[in-house]
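Peer 1: Got a predicted structure plus its sequence, pasted below:
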Amino acid sequence: MEETVQTFKKLPIIDFSLLHHDSVIKQIHEACRNFGFFHVINHGIPDSVIEEALNVNSMFFDMPMAMKEELLSDDVQKPARFSRVQVGCHENGMLSRDFLKLYAHPLHHFLSLWPSNPLNYRENMGMYATEVRKLGIELFGAIMESLNLSPTQLKQNFEHGAQLIGINSYPPCSESNVKAGTSAHTDHSIITVLLQSSPGLHIMDRSDGAWKSVSKIEGSLEVIVGDHLEVISNGLYRSVLHRALPSSDNVSRLSIADFHSLGMDDIVEPTTKLVDEKHPKSSHISLHLPNPVAGVPLLLSGFYGSPFSDRRKESWQLLGLMNPSSHLPWLVLPVIMSDHNPLLINCSNQHDTGDFHRLKLFRYEATWFGKQDCKKIVEDAWSLPRVLRSDGLKKV
Ligand SMILES: O=C(O)CCC(=O)C(=O)O
Ligand SMILES: [Fe+2]
């Protein structure tokens, strides 16, 4: 039976034209704190730029596969890549979408690598990328203010940070066990600015743990709190669990998710001003793995637990059973699936169960690079056999 999903009734709407008014900063605080989400209206991006961005992407996805094939890749480092994802996790069926991922900052660096078909793709998407970047920077300043920090806090890092654009295409599916959609996840970004051609976004309501659909407000863009903002705010703002399930009528849906993060080399850590005795750093932990791997005892750093907020307690309880004090080298985990900063990564938990195939989610905390003895620990870990290292370390 199809899951019935209610509409989210009172999601916050932020009027961008009044952004720095005290009352709006307060609304942003409440929105990030209670929902991890808000709509933004009067955002200043011209309708024509939005329409053209949707148009060229719809033309791109409508092209025959042979024309998209040159961008087909699973290499997350590619500045422009096309892929099809099918995951089996919705009511025992599969969820399917096509996507195009574009590196977008600095634009002049990447633009020539973006699709050359349709002909005006680069021009129109370049315009959208520039506009949405400006919007993201302004929103980030206001979000810093809403945390009682200076609007210039991390401004430079954010301005020089990464911008990735993920364009999702959800054509109607004809197979009975496949539905168009994106499975439940949190974004690894600081914030994501989402443009939807039609409704389909669902977010988890924290007050009752139920999935609710997000109404489409004329002319609005959607702002999603990502994992990095959760870390920067020391857990005050939590990343929001969301998914996309376009209605099963015959309409193709497009969404353009603009992910803003700090630079790949930047340390993502809780802002010092938000850390005190009552609010210790909540986003990282290290632990000693009881069973040595290849004869080398290890320190595992960065466990954060399940990305599903209702299961975090379980994760912490599990960690409580392990002994966290150790001076041993780290186990550096491989980045398998992510093309964002390697904060959230998949790793098999072979070390404590002997099961190589069960996947567990970990967050890798770059915060550790701030520690005095870190350099030596990393150097020692680097000299371990290849299986214990990860190229992800170079990027953190
Ligand atoms: O299609 C949507 O509305 C959501 C897409 C999304 O969450 C993502 O690309 O991270
Ligand atoms: Fe997302």
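Peer 2: Noted; the coordinates are in hand. Quick caveat: nothing in here was measured; it's all calculated off a predicted structure. Ligands and ions are numbered 1, 2, ... in the order given.
Peer 1: need the residues of the chain near ligand 1, please.
Peer 2: Residues of the chain lying close to ligand 1 by CB under 6 Å from any ligand atom are 166, 168, 182, 187, 194, 196, 200-201, 242, 244, 255, 257. Just so you know, the C-beta spots here come from the backbone N, C-alpha and C atoms, and that holds for glycine as well.
Peer 1: Widest-spaced pair of those residues?
Peer 2: Asp187 and Gly200 (16.1 Å; CB to CB).
Peer 1: higher neighbour count, the two?
Peer 2: Asp187 (26 against 23; other CB atoms under 10 Å).
Peer 1: From His242, how far out is that one?
Peer 2: 8 Å (CB to CB, to the nearest Å).
Peer 1: joint contacts of those two?
Peer 2: Ile224 (CB atoms under 8 Å, 6 or more residues apart in numbering).
Peer 1: where does the stretch 51-200 of the chain dip in pLDDT?
Peer 2: 88-92 (pLDDT under 70).
Peer 1: which residues of it fall in helices?
Peer 2: All helices of the stretch 51-200 of the chain, identified by DSSP state H, counting those that start in this stretch, fall at 65-68, 107-110, 121-146, 155-159.
Peer 1: Need the winner for burial among those helices.
Peer 2: helix 121-146 (a mean of 20; mean count of other CB atoms under 10 Å).
Peer 1: phi, psi of the residue of the stretch 101-250 of the chain found nearest ligand 1?
Peer 2: Closest approach between the stretch 101-250 of the chain and ligand 1, counting by CB to the nearest ligand atom: Ala244, at 3.4 Å. Per-residue torsions, Ala244: phi -120, psi 130 (degrees, to the nearest 10).
Peer 1: for the nearest residue to it once chain neighbours are set aside, what are its contacts?
Peer 2: Nearest non-adjacent residue to Ala244, counting by CB to CB, 6 or more residues apart in numbering: Thr182, 4.2 Å away. Applying CB under 8 Å, 6+ apart to Thr182 gives the contacts 85, 95, 97, 168, 243-244.
Peer 1: any idea which helix or strand carries Ile28?
Peer 2: Using DSSP states H and E, Ile28 sits in helix 22-34.
Peer 1: list the helices and strands that helix packs on?
Peer 2: strand 13-15, strand 37-41, helix 121-146 (3 or more CB pairs under 8 Å, 6 or more residues apart in numbering; DSSP states H and E).
Peer 1: so what does the longest one touch, helix or strand wise?
Peer 2: Translated: helix 121-146. helix 22-34, helix 47-62, helix 107-110, helix 155-159, strand 163-170, strand 191-196, strand 221-225, strand 253-260.
Peer 1: rerun at 7 Å
Peer 2: helix 22-34, helix 47-62, helix 107-110, helix 155-159, strand 163-170, strand 191-196, strand 253-260 (3 or more CB pairs under 7 Å, 6 or more residues apart in numbering; DSSP states H and E).
Peer 1: Measure how that helix sits relative to strand 163-170, angle-wise.
Peer 2: For helix 121-146 against strand 163-170, the angle by axes from the mean of the first three to the mean of the last three CA atoms, to 10 degrees is 110 degrees.
Peer 1: coming back round to it: dump the helices and strands packed on helix 22-34 into TSV; add distance to Ser233 as well.
Peer 2: Output for those, formatted as TSV (distance: least, CB to CB, whole Å):
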stretch	distance to Ser233
strand 13-15	17
strand 37-41	15
helix 121-146	9
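Peer 1: Of these, which is nearest Pro79?
Peer 2: helix 121-146 (12.4 Å).
Peer 1: Just want to check the distance between Gly235 and His242.
Peer 2: 19 Å.
Peer 1: now Val223
Peer 2: 12 Å.
Peer 1: Tell me where the model's unsure across the stretch 251-396 of the chain.
Peer 2: For the stretch 251-396 of the chain (pLDDT under 70), the answer is 277, 280-396.
Peer 1: would Pro246 count as being in a helix?
Peer 2: No. Counting by DSSP: H, G, I helix; E, B strand; the rest coil, Pro246 is located in no helix; its state is coil.
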